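Enquirer: Show me the folded form of this:
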Amino acid sequence: PTTRTYTPPAPLHLALTLAPLRRGPADPTFRTTPDGALWRSSRTPQGPGTLRLAERNGTVEAQAWGPGADWFLAQLPALLGELDDPTVFEPRHRLVAESARRRAGLRLTRTGLVLENLIPSILEQKITTDEAYRAWRLLLHRHGEPAPGPAGGQDLRMRVMPDARGWTLIPSWEWHRAGVDNKRASTIIRAAQVARRMEEAADMDPVRARARLELVPGIGPWTSAETIQRTNGAPDEVTTGDLHLPHTVGYALAGNRDATDEEMLELLAPYAGQRHRAARLILLSGVAPARRQPKMRKTNIAEW
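Expert: Numbering: from 1, shown residues only. The predicted structure is shown next:
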């Protein structure tokens with residue numbers, strides 16, 4: 001492997017920082033091994049790559065395999081939040097302040113890879129997360145490729161997602177088998193057909209980046225926010241149109257379990273410029289309203 005040692009300029013919680021990149025406990029692009037190391041596979045601009053990260057005495061030891069190894073290691077500081085500045089964040093509520101204090105090592109990651117974050121976000125549109133995680137897992141196992149290095153072996157069985165052309169060549173019955181309806185499949189294909197233009201969003205400011213993604217029919221504010229938060233490390237791009245987030249923020253900050261998007265944004269207004277960070281800290285606090293209705297019904301079309 002190619003190696004690099006990185007010492008963060010401030011305390012870093014490695015697992016917490018990279019947690020948004022994991023799409024479910026069985027995500028074939030993300031693994032945590034018993035030795036505490038985090039493994040990640042991606043299709044970088046230079047090709048497939050695998051990254052292993054281990055934290056020791058405040059230093060992160062990185063190993064990378066495959067054609068994308070050099071790119072992975074060059075992007076390591078951004079991935080681990082070096083471009084994020086949490087010192088500008090000023091908690092305005094006691095709950096947020098306590099959550100920030102307990103998670104001082106949280107940084108907002110910046111992957112610089114749009115398609116690998118956009119596609120799973122599209123899969124998560126209007127279905128349960130379990131169904132979306134299943135679809136992502138099945139599609140990568142059937143149409144991706146083994147991750148470079150030891151991660152692609154039988155122990156970890158990690159995969160690298162298809163390239164842009166590979167996504168467009170997945171036949172309709174394979175989307176159906178993975179439980180993906182035609183609307184979401186068509187949106188992914190449209191995005192893959194203009195992959196180069198999509199990837200350019202990683203170098204834009206978050207507002208322009210979201211506007212670029214939303215030019216593709218089927219990509220709206222929820223999907224663009226979920227993507228740009230990960231690819232651009234955007235601290236202010238709060239997710240709207242979510243089924244649970246307004247209720248959680250409203251309950252945590254104002255005791256309003258029925259808050260709308262508009263009411264959530266009003267509550268987050270004091271955090272202008274850092275609204276996404278504030279929302280994430282609220283979610284990490286564990287304070288949420290008790291469930292009053294059954295979970296969203298699964299609608300796996302593969303069973304039809």
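Enquirer: Spatially, and excluding backbone neighbours, which residue is closest to His244.
Expert: Spatially, and ignoring its direct neighbours in sequence, His244 is nearest to Ala288 (7.9 Å; Cβ to Cβ, 6 or more residues apart in numbering). C-beta: built from backbone N, CA, C; applies to glycine.
Enquirer: hang on, the one you found packs against Val249?
Expert: No. Judged on Cβ atoms under 8 Å, Ala288 makes no contact with Val249 at a distance of 9.7 Å.
Enquirer: gap between Pro217 and Asp130?
Expert: 27 Å (Cβ to Cβ, to the nearest Å).
Enquirer: what's next to stretch 157-171, contact-wise?
Expert: 28-29, 31, 39, 41-43, 48-50, 115-116, 119, 139-141, 143-148, 151-152, 185, 188-189, 192-193, 195 (Cβ atoms under 8 Å, 6 or more residues apart in numbering).
Enquirer: Leaving out chain neighbours, which residue sits closest to Leu268?
Expert: Counting by Cβ to Cβ, 6+ apart, Arg275 is the residue found nearest to Leu268 once chain neighbours are left out, at 4.4 Å.
Enquirer: repeat for Pro150
Expert: Pro150 sits nearest to Leu156 (Cβ to Cβ, 6+ apart), 7.2 Å away.
Enquirer: hang on, isn't that neighbour packed against Thr32?
Expert: No. Between Leu156 and Thr32 there is no contact under Cβ under 8 Å: 10.3 Å.
Enquirer: ok, those two, which is more surrounded?
Expert: Taking other Cβ atoms under 10 Å, Leu156 and Thr32 do not tie; Leu156 has more neighbours (19 against 13).
Enquirer: Look up which helix or strand that one falls in, please.
Expert: Under DSSP states H and E, no helix or strand contains Leu156.
Enquirer: how close does it sit to Trp71?
Expert: Distance from Leu156 to Trp71, by Cβ to Cβ: 21 Å.
Enquirer: any idea which helix or strand carries Glu263?
Expert: Going by DSSP H and E, Glu263 is part of helix 261-268.
Enquirer: so what does that helix touch, helix or strand wise?
Expert: helix 245-254, helix 275-285 (3 or more Cβ pairs under 8 Å, 6 or more residues apart in numbering; DSSP states H and E).
Enquirer: Val96: what's it in contact with?
Expert: With Cβ under 8 Å, 6+ apart, Val96 has these contacts: Leu253, Ala278, Leu281, Ile282, Ser285.
Enquirer: nearest to Gln229, of the residues you listed?
Expert: Of all these, Ala278 has the smallest distance to Gln229: 12.7 Å, by Cβ to Cβ.
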